[in-house]
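# next come a sequence and a model predicted from it.
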Number of protein chains: 4
Amino acid sequence: MRLHVPIRLRWSDLDAYGHVNNAEMLRLLEEARIHAFWVTEDAVGGEPEQAVGASTAVLDGRPGASTLTLIARQEVEYLAQVPYLRQPLDIQLWIGRMGGASLEVSYEVRSPEGTEPVVLYARAATTLVLVDAASGRPRRINDRERAAWTPYLGEPVVFAKRR
Amino acid sequence: MRLHVPIRLRWSDLDAYGHVNNAEMLRLLEEARIHAFWVTEDAVGGEPEQAVGASTAVLDGRPGASTLTLIARQEVEYLAQVPYLRQPLDIQLWIGRMGGASLEVSYEVRSPEGTEPVVLYARAATTLVLVDAASGRPRRINDRERAAWTPYLGEPVVFAKRR
Amino acid sequence: MRLHVPIRLRWSDLDAYGHVNNAEMLRLLEEARIHAFWVTEDAVGGEPEQAVGASTAVLDGRPGASTLTLIARQEVEYLAQVPYLRQPLDIQLWIGRMGGASLEVSYEVRSPEGTEPVVLYARAATTLVLVDAASGRPRRINDRERAAWTPYLGEPVVFAKRR
Amino acid sequence: MRLHVPIRLRWSDLDAYGHVNNAEMLRLLEEARIHAFWVTEDAVGGEPEQAVGASTAVLDGRPGASTLTLIARQEVEYLAQVPYLRQPLDIQLWIGRMGGASLEVSYEVRSPEGTEPVVLYARAATTLVLVDAASGRPRRINDRERAAWTPYLGEPVVFAKRR
C-alpha cells in the first residue's frame, strides 16, 4: 500500500535553469516523509489536522524527542524537469525494506493528482536509521512502529539508471 | 480588504535554533505574494486551482513573461518565534501603496486560521517594481492591474520597532 | 571602523530570474554576521582559522551555548541585481546602535574587493537581541562584549527608499 | 587524479538537528562541481580568480550558454554528521565514467584540509547529461571537453551501503 502525500512547490525551489533544483528535490522528499511518519506540533487550540498517514505518524518529530531520524543513504533518478506548479505534487511513498534499526523508504514523485497525463518526475529511496538521542546510538524499531508501518511494506523502487 | 494566503511550512525552514529562520521568513512572504499576484502554470490537463485572490493574480509569472517583478526594499519585524506547524500559516496581505511603476505590499504573518489564540508572528512590507523584461527598465502599472489591485489598497503596515 | 567579511555566493543562491534571490540576501548577511561575531567550532586538530574580526567574535555560537541571538527586525534596500560571481562579495558591517540587550548591525553588500568599479548591491540593518537560552529572556550585553564591539560603532546605515 | 575543491559551509546549512541537512549536502556537491567544471562570470575588472581546476572549467555556466547541464541521477552515503565549521570542507571529486553525452562525477566529502584526523563525511556520485539549450536534446561531449577531463578519470566511487 502506498501513502499519497501532496507537497506544494515554492517558486524558490526553482534554480537559475527555471526548474526545481536537484537538491531541492530531496527537501520535497524530506517533507513528504515528515508528513507521513512524524508526529509534529499542532497549533495550540487548533483542530489537529489529519496526518496523511494517520496510523503511520508514530515517530516523535518534536523538539526534545528521544529518537532522532538520521539518513544513511539516498538515491534519486530524475526523469523529467519539474516546473513551478500551483497544485501540489503527488509524492507516493512506501517502505521498501524494514530492518532492525533502519528502514528504506521508496518514492515516486508524480504530477498533481487528478491531472492528465500523469508525469513521473523522479523515483528515489532513502535509508533512515533510528537513533537514540541520549546515547547517539541506533535503536531498534519497536513493536508499535513495526505494526504501524507493516501495511506499507512493498517491493523497493527499482532504479533503471544504475551502472 | 486583505487576502488570506495559507502557506505551509517545511521542516527545513527551521534552523539550528529549531525555529523558522529569519531569511526563510522572506521566502514565505515571497510565496504568499506569488499565490496572490501571479498567474502561474497549472499542470497540463488539470482543473486550474482557484487562485487565492482570483481577481488579483494578473501578473504573468511564467517563464518568458514580458514583465519581471523586482524587489526594491523589504522590512520585517519578528514578533514571535515560529515553530514547525503542520497547518498552514495564515499570511494576510494587502497593498499599502500603489505608485506609478511600483507597489508596496504589507503583510501580517499569523498562526493557522481557525486556531486560538491568534499569534502574530511577524509584520512586513515589500516594495515591488514592475520591470519590462526586454528593456530592463521599470514600466507603469497598467489599468487592468490597477483595477485588480485597488480593492486591496489599505493603510500600510505600521512598524513599531523602527528607530 | 568597519569589518570586511568576504562571503562566497553559491549558484543555488540564484532564483529563476538568474540573480541572487531577495531572501537569500538575508542568508548572506547572516553568514557575514556569524563570521564577525560568533565563536564557532573549528575542525578538530586544525589550525584555528583567523576570524574575520578576531576581537569581535565573542558570542558563543556553538550548540548548547548559553546565549541565543534572536532577530527582532530587518530592513534591506536592494540597489542592483547580484549575478553569480566566483569571487566573494565584500560585505562590510558595523554596529549602528548598541542598546542594553540589543544591537543594530548595519551592512553594505559590495562587489568583490579589488574589483572595479565598486558596485553597491544592497544596504541593510538587523536588530539582534541577546537572549538567555535557559530563561528565554533578553540578557544585557556584558562588559567584554561591549568592549569588543565599541570600536565598530558608527553611524547607522541610512536608507534612501523609506516612505 | 582528483580535484580538491574547498567549499565553505553556512550556518543556514544546518537543520533543526544542528547538523548539515541531507538535502543541503547536494548543494555543496553542486557548488564543488560548478567550481570545478564551469566557466562563470568574474566581477568586471577583477583579476580572474584561479579556477580550482583551471584546465577542467570548460563548460559555460553563464546565463544564455548554449549547453545546459542536467542531472540524471544522484547517490549519496552519509557517513558522519557534519557540524558547522569555519574552515572549508575538502570536497574531492573526479570522473568515474565518461560516456557519449553524459559523465558521472564521484565525490568524497572530507574534513577541512590540513586538519587531523581526516573525517570522511560522505561519498557520492552524480550523473550529468549535457543538453543543447536550443533543442533540449542531449549533445555529445566534444573533443575539448574530453581532453580537459580525461586526466581526472578514475575508478567510480564504491558505495558500501547499497542493498
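Right, received. Where do you want to start?

# list of residues touching stretch A:154-163?
The contact list for stretch A:154-163 (CB atoms under 8 Å, 6 or more residues apart in numbering or on different chains) reads A:1-2, A:75, A:77, A:94-97, A:104, A:106-108, A:123-125, D:72-73, D:97, D:104, D:127, D:156, D:163. Where you see a C-beta, it was placed from the backbone N, CA and C, and this is true even at glycine.

# gap between it and the chain center?
17 Å (CA atoms, centre = their mean, to the nearest Å).

# that stretch: end-to-end distance?
By CA to CA, to the nearest Å, the extent of stretch A:154-163 from end to end equals 24 Å.

# and what of stretch A:96-106?
In stretch A:96-106, first residue to last residue: 6 Å (CA to CA).

# does it reach chain D?
Yes - against chain D, stretch A:96-106 shows contacts by CB under 8 Å from any CB of the partner chain at A:97, A:104.

# next, the buried residues of that stretch.
Neighbour-count burial for stretch A:96-106 flags A:96-97, A:102-106 (criterion: 16 or more other CB atoms under 10 Å in any protein chain shown).

# and these as JSON lines, adding pLDDT?
Listed next are the buried residues of stretch A:96-106 as JSON lines, based on pLDDT from 0 to 100:
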{"residue": "A:Gly96", "pLDDT": "97"}
{"residue": "A:Arg97", "pLDDT": "97"}
{"residue": "A:Ser102", "pLDDT": "96"}
{"residue": "A:Leu103", "pLDDT": "96"}
{"residue": "A:Glu104", "pLDDT": "97"}
{"residue": "A:Val105", "pLDDT": "97"}
{"residue": "A:Ser106", "pLDDT": "98"}
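
# which parts of chain A sit against chain D?
Within chain A, the residues that sit near chain D (CB under 8 Å from any CB) are A:16-17, A:22-27, A:30, A:63, A:68, A:70-78, A:81, A:97, A:104, A:127, A:156, A:159, A:161-163.

# distance-wise, check the spatially most central residue of chain A relative to A:Leu26.
Residue closest to the average C-alpha location in chain A (CA atoms, centre = their mean): A:Arg33, at 2.5 Å. Using CB to CB, to the nearest Å, A:Arg33 is found at 10 Å from A:Leu26.

# ends of stretch A:130-138, how far apart?
Taking CA to CA, stretch A:130-138 runs 6 Å from one end to the other.

# and it, what's buried?
Quick answer for stretch A:130-138 (16+ other CB under 10 Å): A:130-131, A:138.

# show me what that stretch is in contact with.
Residues outside stretch A:130-138 that contact it (CB under 8 Å, 6+ apart): A:59, A:65-70, A:101-102, A:129, A:139-141.

# just how off-centre is that stretch within its chain?
Counting by CA atoms, centre = their mean, stretch A:130-138 is centred 21 Å from the centre of its parent chain.

# run the chain-centre distance for the longest helix along chain A.
Ordering each helix of chain A by length in residues (DSSP state H) puts helix A:22-37 first. Centroid displacement of helix A:22-37 relative to its chain, using CA atoms, centre = their mean, is 5 Å.

# quick one on the thing from earlier: filter the residues of chain A next to chain D down to the buried ones, PyMOL style.
Remark: buried members of the residues of chain A next to chain D, expressed as a PyMOL selection using 16+ other CB under 10 Å:
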select buried, chain A and resi 16+17+22+23+24+25+26+27+30+68+70+71+72+73+74+75+76+77+78+97+104+127
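
# no further questions, thank you.
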